[in-house]
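*Asks:* Need coordinates for the following:
(one chain, ligands or ions: 1)
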Amino acid sequence: MKKGKKLIVANWKMNPGTAAEARSLFLASRRAAAEARRLSVVVCPPFPFLSLFSRLANGVISLGSQDACWRNGGPYTGEVSPEILKDIGVTISIIGHSERRARGETDDIVSRKAQAVVREGITALVCVGERTRDENGDFFATLREQIKASFSKVQRRFLSDIIIAYEPLWAIGRNWRDAATPEAVREAAIFIRKVMADIFGDAGAQALVLYGGSVGPENAQALLRDGDIAGFLVGHESLEPDAFAWLTQIANDL
Ligand code: PEP
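*Replies:* Numbering: from 1, shown residues only. Now for the predicted structure:
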């Protein structure tokens with residue numbers, strides 16, 4: 001990730017189904033990144049594809065993981081450690097994605113994973129977001145709790161290795177028209193930085209906040225212009241080479 005550049009992180013989730021398709025998608029994403037040099041572009045494929053891309057990344061695009069273990073080494077069947085991820089060239093790990101939280105990942109596990117990856121020199125991209133929005137604004141309390149639980153044990157010296165993705169669950173995996181509005185994203189981003197300042201002091205207010213949830217070429221410009229964010233975490237649209245190229249171009253040209 002390059003300082004001062006907007007950041008686009010592609011979360012492929014459990015797609016595509018074969019190494020050949022993954023390679024072709026990766027090369028298309030790399031072409032898009034090469035045309036958008038004012039951005040930092042990161043691709044997070046399923047674990048087995050990561051090492052296929054280590055040598056293909058070429059400094060144009062970076063590699064990210066969709067998760068990481070909270071330990072390095074030991075009897076943790078099925079887990080992948082920050083040490084292994086670092087060794088194959090991963091620079092960012094998504095931590096606490098709502099699809100993992102839905103499968104039992106608690107704030108405490110998220111906190112331990114965030115600490116483990118930053119200690120390894122990997123940026124922790126920690127996802128937070130409310131399940132529903134209520135008119136009273138109670139969802140702010142959910143956000144505050146998630147952020148405090150995720151970061152209160154992280155040492156201040158690692159602050160520059162932390163990024164927060166605001167990913168309201170109600171906006172994930174839908175049509176761009178169902179995404180959060182730029183105003184809603186802006187309000188959440190300001191709130192998240194305020195909570196980070198409560199935890200880390202003034203420096204916390206500089207934390208980078210991304211938005212994720214049905215971002216596509218249609219809403220990318222308004223969200224980036226008015227959402228007070230540093231970039232996007234992109235799910236299903238990152239699997240569509242044309243849409244992803246269009247999206248990165250829009251973000252690049254802004
Ligand atoms: C996500 O799940 O991280 C995400 C951003 O998904 P989508 O873009 O598909 O809403």
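
*Asks:* From here on, just use CA atoms for contacts and neighbour counts.
*Replies:* Will do.

*Asks:* quick one, what contacts the residue of the stretch 1-150 of the chain found nearest the ligand?
*Replies:* Distances between the stretch 1-150 of the chain and the ligand by CA to the nearest ligand atom are smallest at residue 11, namely 6.0 Å. Each residue near residue 11 by CA atoms under 8 Å, 6 or more residues apart in numbering is listed here: 43, 44, 45, 66, 233, 234, 235, 236, 238.

*Asks:* tell me which of those residues is nearest to residue 204?
*Replies:* Comparing those against residue 204 with CA to CA places residue 233 closest, at 20.5 Å.

*Asks:* Reduced to three states, what does that closest one come out as?
*Replies:* Under DSSP: H, G, I helix; E, B strand; the rest coil, the three-state class of residue 233 is strand.

*Asks:* With residue 9 as the reference, measure out to it.
*Replies:* 5 Å (CA to CA, to the nearest Å).

*Asks:* sorry, back to before: for the contacts of residue 11, give me TSV that also has pLDDT and neighbour count.
*Replies:* As requested, these are arranged in TSV below (pLDDT from 0 to 100; neighbours: other CA atoms under 10 Å):
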residue	pLDDT	neighbour count
43	98	27
44	98	25
45	98	23
66	98	22
233	98	24
234	98	25
235	97	22
236	97	21
238	98	26
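
*Asks:* Okay, now the unreliable bits of the stretch 51-200 of the chain?
*Replies:* For the stretch 51-200 of the chain, no stretch has pLDDT under 70.

*Asks:* try 80 this time
*Replies:* 152 (pLDDT under 80).

*Asks:* Test my guess that residue 170 contacts residue 132.
*Replies:* Yes: contact criterion CA atoms under 8 Å: residue 170 and residue 132 qualify, at 6.1 Å.

*Asks:* more crowded one of the two?
*Replies:* residue 170 (17 against 11; other CA atoms under 10 Å).

*Asks:* contacting residues for the more buried one?
*Replies:* Contacts of residue 170 (CA under 8 Å, 6+ apart): 130, 131, 132.

*Asks:* out of the contacts of residue 11, which touch the ligand?
*Replies:* 233, 234, 235, 236 (CA under 6 Å from any ligand atom).

*Asks:* Out of these, which two are the most distant from each other?
*Replies:* 233 and 236 (10.2 Å).

*Asks:* which bits of this structure sit near the ligand?
*Replies:* 11, 172, 173, 174, 212, 213, 214, 215, 233, 234, 235, 236.

*Asks:* hmm, 5 Å instead?
*Replies:* Residues of the chain lying near the ligand by CA under 5 Å from any ligand atom: 172, 173, 212, 213, 214, 234, 235, 236.

*Asks:* For the last one, give its distance to residue 53.
*Replies:* Noted for residue 236: a distance of 20 Å to residue 53, by CA to CA.

*Asks:* tell me how far the ends of stretch 39-53 are from each other?
*Replies:* Start-to-end, stretch 39-53 (CA to CA) is 19 Å.

*Asks:* And the strands in this structure, which stretches?
*Replies:* 6-11, 39-44, 62-65, 90-95, 123-128, 162-166, 208-212, 231-234 (DSSP state E).

*Asks:* Could you count how many residues lie near residue 6?
*Replies:* When neighbours are counted by other CA under 10 Å, residue 6 comes out with 22.

*Asks:* Residue 57 now?
*Replies:* 17.

*Asks:* from the residues of the chain next to the ligand, which two are the most distant?
*Replies:* 212 and 236 (10.7 Å).
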